[in-house]
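A.B. asks: quick one, structure for this:
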Amino acid sequence: MGKNVLVVDDDEIVIRSCEAVLGGEGFTVTGVTSSKEAMSLINDHAYDLVITDLIMPTIDGFELIKWINENHQQTRVMAMTGYSSKAVLRDAIALDIIDFLPKPFFPHTLTAAVNKAISTPLKAPAAVSDKEEAETYDKAKFQAILKRYRKVPGALIVVLQETQELIGYLPASVQKVIAKSLKIPVSEVHAVVSFYSYFTMKPMGKYNVRVCLGTACYVKRADEILEKLQETMGVNEGEITQDGMFSLETVRCIGACGLAPVVLVGQDTFGSVNPATANEILKEYQ
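C.D. replies: Numbers count the residues shown, from 1 in each chain. Predicted structure coming up:
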C-alpha cells in the first residue's frame with residue numbers, strides 16, 4: 001500500500017495538522033499552500049493520494065482536480081473544504097474524486113478517510129470491473145423500476161433504494177442510466193449515492209457489516225471492534241469474505257450516538273457493542 005500523500009491548502013495550520021496526524025500513522029506527507037506548487041510537485045513526483053482544499057486563491061481546488069484528471073489520471077484525489085454545501089459537494093463529486101472530507105475533521109476521521117482512499121482501486125481497473133459487474137443484473141427488472149418512477153417528481157432516493165436491492169450496489173454505469181431516465185445530472189445521482197451511508201458503489205456480501213467510526217463510537221473503542229471483526233472475517237475494510245457471506249466497511253456516523261459503539265449488519269443495528277466479543281454478532285448470520 002502506498003504512503004505518499006500531498007496536502008494542498010492555503011491554511012498552513014491545516015497542512016501541519018495533516019502532517020502530524022498522518023505522519024504518526026506512517027505516511028510521508030508533503031504540504032503546499034497553492035495549486036501551482038502542487039502541479040509542479042505532481043509533475044516531478046508520484047503521490048498515492050492528493051488531498052486538496054477547494055476554495056483557494058488564484059487556482060482553486062476545482063481547477064487543480066481538473067488538471068490532475070487530465071494530466072495524471074492514475075492519481076487519487078480527495079477534496080476537503082469548510083464550505084460543504086450541496087452545490088460544492090455536487091461540483092466536487094462530478095470531478096470524480098475519491099472522497100469528500102468536510103472541515104474541521106477529527107484525527108481519526110482523517111486517518112480513516114485516507115486509508116480508505118488509498119485502498120480504492122485506481123480509476124482504469126475500477127472502470128473495467130464496474131462494467132463487468134454491471135452486466136450481471138436483471139436488466140428487465142431494472143427497466144421496470146425506471147419506468148415506474150420516470151415521471152414521479154423527487155423519486156431519485158426511491159429509485160436508488162430499489163435498484164440497490166435488485167443489484168446489490170450502485171455502480172457508475174447504473175447511476176448514469178438512472179440519471180438519463182430521470183432527466184437529472186449524473187453528478188446529482190452520484191452526490192446522493194456518496195452522501196448517504198446506506199448506498200454503496202461497491203459489490204457487497206450477503207450481509208454487509210458496517211462499523212461506525214463517528215466520534216461517540218470511536219471514543220468507546222470502535223477501532224478495536226473493527227480490528228476484531230477484520231480478524232474474525234479474515235478481510236480488511238472494503239473487502240468481501242471468500243464465501244461471499246460478509247462484506248466489511250466503516251461509516252463516519254449513523255446518527256445513533258446514544259447506542260455507541262454501533263455495528264450494523266444489513267438493516268440490523270447492534271448497540272453498546274463490546275469490542276472483545278464483537279465477533280459474536282456474526283454467529284447470528286452464519
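
A.B. asks: so what's Tyr270 up against?
C.D. replies: Slight slip there: residue 270 is Phe, not Tyr. The contact partners of Phe270, by Cβ atoms under 8 Å, 6 or more residues apart in numbering, come to Val262, Val263, Leu264, Ile281. (C-beta placed from N, C-alpha, C; glycine too.)

A.B. asks: do Thr200 as well
C.D. replies: Gln164, Tyr169, Leu170, Asn208, Glu249.

A.B. asks: now stretch 80-87: mean pLDDT?
C.D. replies: Averaging pLDDT along stretch 80-87 gives 72.

A.B. asks: let me redo that: stretch 25-36
C.D. replies: Averaged over stretch 25-36, pLDDT sits at 94.

A.B. asks: would you put the C-alpha positions of that stretch in CSV?
C.D. replies: Taking C-alpha atoms only, stretch 25-36 is exported to CSV below (Å, rounded to 0.1, in the frame of the first residue of the first chain):
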residue,chain,number,x,y,z
GLU,A,25,0.4,6.7,11.0
GLY,A,26,3.4,6.1,8.8
PHE,A,27,2.5,8.3,5.8
THR,A,28,5.0,10.5,4.1
VAL,A,29,3.2,13.8,3.9
THR,A,30,4.2,16.8,1.7
GLY,A,31,2.3,20.1,2.2
VAL,A,32,2.0,23.1,-0.1
THR,A,33,-0.2,26.2,0.1
SER,A,34,-1.1,26.7,-3.6
SER,A,35,-2.3,24.7,-6.6
LYS,A,36,0.6,26.0,-8.6
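
A.B. asks: ok, and what's touching that stretch?
C.D. replies: 3-12, 15-16, 18-19, 22-23, 38, 41, 45, 47, 52, 56-61, 63-64, 67, 111, 114.

A.B. asks: can you give me the strands for this structure?
C.D. replies: Assigned by DSSP state E, the chain shows strands spanning 4-8, 28-32, 49-53, 77-81, 99-102, 207-212, 246-251, 263-265, 268-270.

A.B. asks: dump those strands to a markdown table, plus distance to Val219.
C.D. replies: Formatted as a markdown table, those follow (distance: least, Cβ to Cβ, whole Å):
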| stretch | distance to Val219 |
| --- | --- |
| strand 4-8 | 25 |
| strand 28-32 | 25 |
| strand 49-53 | 24 |
| strand 77-81 | 23 |
| strand 99-102 | 19 |
| strand 207-212 | 12 |
| strand 246-251 | 15 |
| strand 263-265 | 16 |
| strand 268-270 | 18 |
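
A.B. asks: tell me which of those strands sits most buried.
C.D. replies: strand 49-53 (a mean of 26; mean count of other Cβ atoms under 10 Å).

A.B. asks: what does that strand contact?
C.D. replies: So strand 49-53 is contacted by 2, 4-11, 14, 18, 35, 38, 42, 61, 64-65, 68, 75-81, 98, 101, 114, 117-118 (Cβ under 8 Å, 6+ apart).
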